[in-house]
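Colleague: pasting the structure only:
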Ligand SMILES: C[S@@+](CC[C@H](N)C(=O)[O-])C[C@H]1O[C@@H](n2cnc3c(N)ncnc32)[C@H](O)[C@@H]1O
């Protein structure tokens, strides 16, 4: 049966948490990006006294580092499946909530920091969610969202890597509704959600053989193989060739980047 874009959901049609190795795949992505994320969150002031919400927290690396390194007061880590969070020793300041963020009134309270990384790009409801998440920011607080930007173009030379990236984006879009085409519009979406002093940046870690990022993409292709084959753009041999290419010295490619955008809610009694 053919699925219309977005019919399937993250964690069901693709990236099932119960499939062995899914936690490691998320951790490879985290290893590639956590330092960049933490530097931005700390530059925005995350520190003692801050109550934080980490949406789609995955294996909880950012939630934990907010507590351990930034010294925030508390983190509520929310995910549709919390097996990678619940398995960790109870950590003072860390609360875990298993919930689908697209549902109504999932989270109560207001937070100085609301953060979601590599989550909204997988959810067709992303525009509504930007507004929902902005509503969870307390006056004077900040919303910080990160998602992938595809840096391939029609003129990118054909390599096993580019063929696979094209198949990946198309396959994930059909299988679960993943869409990164709107990600560069994030600054306007935050502004439209009523936030001020909006700014954004992009980071692209190097794709070096054996690096966490290379291993993240290889794992992602392996796990999403069925969705990518269904596009007809690649066959099994092409997926295998792309995975070998990524791990080889021959690899010459620009990874998808991570766009991080942030916007502030006006303090009580002021307007931005
Ligand atoms: C690619 S992982 C990113 C994990 C983490 N934010 C990071 O950057 O390391 C996406 C996470 O979002 C969660 N997720 C996906 N859809 C969700 C939903 N509707 N509600 C809550 N969490 C969701 C997944 O379970 C997964 O843990």
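Modeller: Yep, that arrived. Source: prediction; values computed, not measured. Residues are numbered from 1 along each chain as shown.
Colleague: Would you confirm that residue 36 contacts residue 213?
Modeller: No. The criterion here is C-beta atoms under 8 Å, and residue 36 misses it with residue 213 at 11.5 Å. C-beta: built from backbone N, CA, C; applies to glycine.
Colleague: Tell me how far residue 24 lies from residue 183.
Modeller: The gap separating residue 24 from residue 183 is 25 Å, by C-beta to C-beta, to the nearest Å.
Colleague: Which residue of the two possesses the greater neighbour count?
Modeller: Using other C-beta atoms under 10 Å as the criterion, residue 24 and residue 183 rank with residue 183 on top: 24 against 13.
Colleague: Quickly note the distance from the more buried one to residue 43.
Modeller: Separation of residue 183 from residue 43 (C-beta to C-beta): 21 Å.
Colleague: avg pLDDT for whatever helix or strand residue 227 lives in?
Modeller: Per DSSP states H and E, residue 227 falls inside helix 225-229. The average pLDDT within helix 225-229 is 94.
Colleague: how far does that helix sit from the chain's center?
Modeller: 20 Å (C-alpha atoms, centre = their mean, to the nearest Å).
Colleague: immediately after it, which helix or strand?
Modeller: Note on helix 225-229: by DSSP H and E, the next helix or strand toward the C-terminus is helix 236-246.
Colleague: ok but residue 108 is inside a helix, no?
Modeller: No. Going by DSSP: H, G, I helix; E, B strand; the rest coil, the assignment for residue 108 is coil, not a helix.
Colleague: For it, what are phi and psi?
Modeller: With angles defined as degrees, to the nearest 10, residue 108 sits at phi -110, psi 160.
Colleague: Roughly how far does it sit from residue 268?
Modeller: Distance from residue 108 to residue 268, by C-beta to C-beta: 19 Å.
Colleague: okay, residue 36 and residue 213: which has more neighbours?
Modeller: A direct count of neighbours by other C-beta under 10 Å for residue 36 and residue 213 places residue 213 higher, at 20 against 15.
Colleague: what's the spacing between the strand or helix carrying the more buried one and its chain's center?
Modeller: Element membership for residue 213 (DSSP H and E) is helix 212-223. How far helix 212-223 lies from its chain's middle: 14 Å, per C-alpha atoms, centre = their mean.
Colleague: ok, it near the ligand or not?
Modeller: No. Using C-beta under 6 Å from any ligand atom, helix 212-223 never reaches the ligand; the gap is at least 8.9 Å.
Colleague: For that helix, which helices and strands make contact with it?
Modeller: In terms of contacts (3 or more C-beta pairs under 8 Å, 6 or more residues apart in numbering; DSSP states H and E), helix 212-223 is packed against helix 22-43, helix 160-176, helix 236-246.
Colleague: For the residue nearest the centre of the chain, give me phi and psi.
Modeller: Centrality entry for the chain: nearest residue to the mean C-alpha point is residue 118, 0.7 Å, by C-alpha atoms, centre = their mean. For residue 118, the backbone dihedrals (degrees, to the nearest 10) come out as phi 50, psi 40.
Colleague: Now do the strand ranked longest in the chain against helix 22-43: the angle between them, please.
Modeller: What stands out as the longest strand in the chain, according to DSSP state E, is strand 137-149. Interaxial angle of strand 137-149 relative to helix 22-43 (axes from the mean of the first three to the mean of the last three C-alpha atoms, to 10 degrees): 130 degrees.
Colleague: Which elements pack onto strand 137-149?
Modeller: helix 22-43, strand 111-117, helix 126-135, helix 186-192, strand 257-264.
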